[in-house]
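Colleague: Here you go, sequence then predicted model.
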Protein chains: 2
Amino acid sequence: MSSKFQTSITNSNSIRMIDQQRLRQCLPALHKDLYADIIANATYEQFSSGEHIVHQGAYLDFLPIVLDGVIKMYAEEDNVQFLLYYINPGESCIMSFNHLFVQEPINFSAIAEDQTLVLCLPMRKVKEWFVNYPSFSKVIINDYQRNFEDLLRTTKDIICFKMEDRLIKYLNKKSNLSNSNMLHLSHQSIASDLGTSREVISRITKKLESQEFLVQHKRHIELLVNDNRMIA
Amino acid sequence: MSSKFQTSITNSNSIRMIDQQRLRQCLPALHKDLYADIIANATYEQFSSGEHIVHQGAYLDFLPIVLDGVIKMYAEEDNVQFLLYYINPGESCIMSFNHLFVQEPINFSAIAEDQTLVLCLPMRKVKEWFVNYPSFSKVIINDYQRNFEDLLRTTKDIICFKMEDRLIKYLNKKSNLSNSNMLHLSHQSIASDLGTSREVISRITKKLESQEFLVQHKRHIELLVNDNRMIA
DNA sequence: TTAAAACGGTGACAAAAATCACCGAAAGAC
DNA sequence: GTCTTTCGGTGATTTTTGTCACCGTTTTAA
């Protein structure tokens, strides 16, 4: 992952102040001294929709925090890849934090779901802040908890529900994420997120269409019912 | 969960010293002042093999750390329950730590796999130590990381491998845990750990027996090959 | 010792999912 | 425009898993 720009460090003061405002919005609970320190040490990365952020097997030396947009975390195994969970603004990618103390290749991948702005905190500093600022370590722990519960939720879904129910849930979640019931998704990408094959998705969407749960248009899916059969 | 005994607090000094030794063995990386503080504030709980420790939906106000034995963590959903991962000596149950800042019912259950001794740290103190002792927060973070990766591993296995492979892996892991290739497991308990039904396990074990991967005796299973087809 | 519960074996069948093999339509590249 | 790629539809088949039904054995509890 290359540093694309570091405007916040080299730019005019006004830009910096805007950044600090945004930072405070995204991470409101930090100690007041910490914001300036973060801005002085962090870099920014902008990713366009669909762009890869990190790949399984890579080594990380920074902690990413989403400022704007959404990051999709997914795992790969045996040529099958599947969605784990999303990272929203104000949340850090905790699986990277994992590697603060132990330098190991990561066992997941990340992709920008939308246009996404990421704050990258250098590990050296993260270590320092984690020890010196309880407000910072609380944020980290919070993110750990959230990620953990998301992953647990995903695991439960996979083991307990059949593909049809998982698809419904998936579509509803996508709809909530984008705040729209018009979803620009290909059957292939859905299949990949759910760890199955395109044919399976095509068949189920057809069935759901006949049940008037959704309508399939040219290159997108329109949800008709947003909470029906939505489990949790 | 009721307090069964608190010997370390009320007992003679010698017992206390033994406990401190054991504590140092299990958690070697803590700040030296912390051991006495922990012993002064913790309670102990002894669980016999198979005994329930906590149940999904309960509220916790302590952080359990395994001193001896093994705790099995599992999830329940729709009458299906399945194994998430194990907690070994020196490790804390991080999903409980989750509830330090947010008081919510837990969404998992725990059971003593063997005779198990658990150190229970009161949440009030955990909060304090977490802020004041970086060595303590490092342990917490480490446990988070380990649990997270275990869960991720479990998730990947469920989505990528069919039951036969998961069973082989499960048996191998059990064998490693108990340091024996004689496994005292009923088909029912295996089925429950893997989130499937007994018949499925019976069928697969029969198949594996014909492949000379294992031999089934009266109430236990003997593994013949310990690393064959063992994935990761 | 007797009754009840747990255990495991197995056939038959149903449901769910994966896989293969096509096909035409639409979108994007050039 | 034309060519190529992606997309989606669909039948046929197999594999995998889940479910039901029933039975005899072993273990446990009363």
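Modeller: Okay, I see it. Numbers count the residues shown, from 1 in each chain, chains lettered A, B, ... in the order given.
Colleague: Return the residues of chain A in contact with DNA strand D.
Modeller: Residues of chain A lying close to DNA strand D (CB under 7 Å from any atom of the strand) are A:186, A:187, A:188, A:189, A:198, A:199, A:202, A:203, A:205, A:206, A:216, A:219. Glycine gets a C-beta too; all of them are placed from N, C-alpha and C.
Colleague: tell me which element residue A:222 is part of?
Modeller: strand A:221-223 (DSSP states H and E).
Colleague: hmm, back to that, which ones among the residues of chain A next to DNA strand D are found in strands?
Modeller: Of those, the ones assigned to strands by DSSP state E are residue A:216.
Colleague: quick one, helices of chain A?
Modeller: A:7-10, A:13-26, A:32-41, A:94-97, A:123-132, A:134-160, A:163-178, A:187-194, A:198-210 (DSSP state H).
Colleague: where does chain A have its least confident helix or strand?
Modeller: Confidence across the helices and strands of chain A bottoms out at helix A:7-10, with a mean of 30, counting by mean pLDDT, DSSP states H and E.
Colleague: Tell me if I'm right that residue A:151 and residue A:84 touch.
Modeller: Yes. Between residue A:151 and residue A:84 a contact is recorded at 6.0 Å, counting by CB atoms under 8 Å.
Colleague: quick one: contacts for residue A:31?
Modeller: Applying CB atoms under 8 Å, 6 or more residues apart in numbering or on different chains to residue A:31 gives the contacts A:133, A:134, A:135, A:136.
Colleague: Would you check how far apart the closest residue to residue A:174 other than its chain neighbours and DNA strand D are?
Modeller: Nearest non-adjacent residue to residue A:174, counting by CB to CB, 6 or more residues apart in numbering or on different chains: residue A:183, 5.3 Å away. Shown here: residue A:183 relative to DNA strand D, a distance of 10 Å by CB to the nearest atom of the strand, to the nearest Å.
Colleague: What about residue A:183, how many residues nearby?
Modeller: Neighbour count for residue A:183, taken as other CB atoms under 10 Å in any protein chain shown: 19.
Colleague: More neighbours: residue A:151 and residue A:84, which one.
Modeller: Comparing residue A:151 with residue A:84 by neighbour count (other CB under 10 Å), the higher total belongs to residue A:84, at 23 against 20.
Colleague: Please verify my assumption that that one contacts residue A:73.
Modeller: Yes. Here residue A:84 reaches residue A:73: they are 4.5 Å apart, a contact under CB under 8 Å.
Colleague: Next, the contact list for residue A:166, please.
Modeller: Taking CB under 8 Å, 6+ apart as the test, what residue A:166 contacts is A:157, A:158, A:194.
Colleague: Just among the residues you listed, which is most surrounded?
Modeller: Among those, residue A:194 has more neighbours than the rest - 21 neighbours, counting by other CB under 10 Å.
Colleague: what touches both of residue A:151 and residue A:84?
Modeller: In contact with both residue A:151 and residue A:84: B:152, B:155, using CB under 8 Å, 6+ apart.
Colleague: From the contacts of residue A:31, keep the buried residues only.
Modeller: Among the contacts of residue A:31, those classed as buried by neighbour count (16 or more other CB atoms under 10 Å in any protein chain shown) are A:133, A:136.
Colleague: I'd like to know how many residues surround residue A:56.
Modeller: Neighbour number of residue A:56 under other CB under 10 Å is 15.
Colleague: hmm, back to that, and which of the contacts of residue A:31 is nearest to residue B:89?
Modeller: Distance ranking of the contacts of residue A:31 against residue B:89, using CB to CB, places residue A:134 first at 28.5 Å.
Colleague: from what I can see that closest one touches residue B:128, true?
Modeller: No. The pair residue A:134 / residue B:128 is not scored as a contact, 10.5 Å apart, by CB under 8 Å.
Colleague: what residue ranges in chain A are flagged as low confidence?
Modeller: A:1-18, A:100, A:226-232 (pLDDT under 70).
Colleague: How is it divided into domains?
Modeller: A:7-159, A:162-223 (automatic domain parsing).
Colleague: okay if I get those as CSV plus distance to DNA strand C?
Modeller: Listed next are those as CSV, based on distance: least, CB to the nearest atom of the strand, whole Å:
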stretch, distance to DNA strand C
domain A:7-159, 8
domain A:162-223, 3
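Colleague: mind putting the ones you listed in TSV, distance to residue B:211 included?
Modeller: Shown next, in TSV, are the domains of chain A (distance: least, CB to CB, whole Å):
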stretch	distance to residue B:211
domain A:7-159	22
domain A:162-223	28
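Colleague: ok so, going back, now, which of the contacts of residue A:166 sits nearest residue A:113?
Modeller: When the contacts of residue A:166 are compared for distance to residue A:113 (CB to CB), residue A:194 wins out at 15.4 Å.
Colleague: most neighbours per residue, which of the helices of chain A?
Modeller: helix A:94-97 (a mean of 24; mean count of other CB atoms under 10 Å in any protein chain shown).
Colleague: by contact count, what packs against that one?
Modeller: If you count contacts as 3 or more CB pairs under 8 Å, 6 or more residues apart in numbering or on different chains; DSSP states H and E, helix A:94-97 packs onto strand A:62-68, helix A:134-160, helix B:134-160.
Colleague: ok, back up a step: pipe the helices of chain A into a markdown table and attach distance to residue A:65 per row.
Modeller: Converted to a markdown table, the helices of chain A look like this (distance: least, CB to CB, whole Å):
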| stretch | distance to residue A:65 |
| --- | --- |
| helix A:7-10 | 13 |
| helix A:13-26 | 7 |
| helix A:32-41 | 9 |
| helix A:94-97 | 10 |
| helix A:123-132 | 10 |
| helix A:134-160 | 9 |
| helix A:163-178 | 19 |
| helix A:187-194 | 23 |
| helix A:198-210 | 33 |
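Colleague: who wins for proximity to residue B:124 among those helices?
Modeller: Going by CB to CB, the one of the helices of chain A nearest residue B:124 is helix A:134-160, 15.1 Å.
Colleague: Compare the helices of chain A and give me the one nearest residue B:101.
Modeller: Using CB to CB, the nearest of the helices of chain A to residue B:101 is helix A:134-160, at 6.7 Å.
Colleague: Now do the closest one and strand A:62-68, the angle between them.
Modeller: 80 degrees (axes from the mean of the first three to the mean of the last three CA atoms, to 10 degrees).
Colleague: Tell me how far helix A:134-160 lies from the chain's centre.
Modeller: 12 Å (CA atoms, centre = their mean, to the nearest Å).
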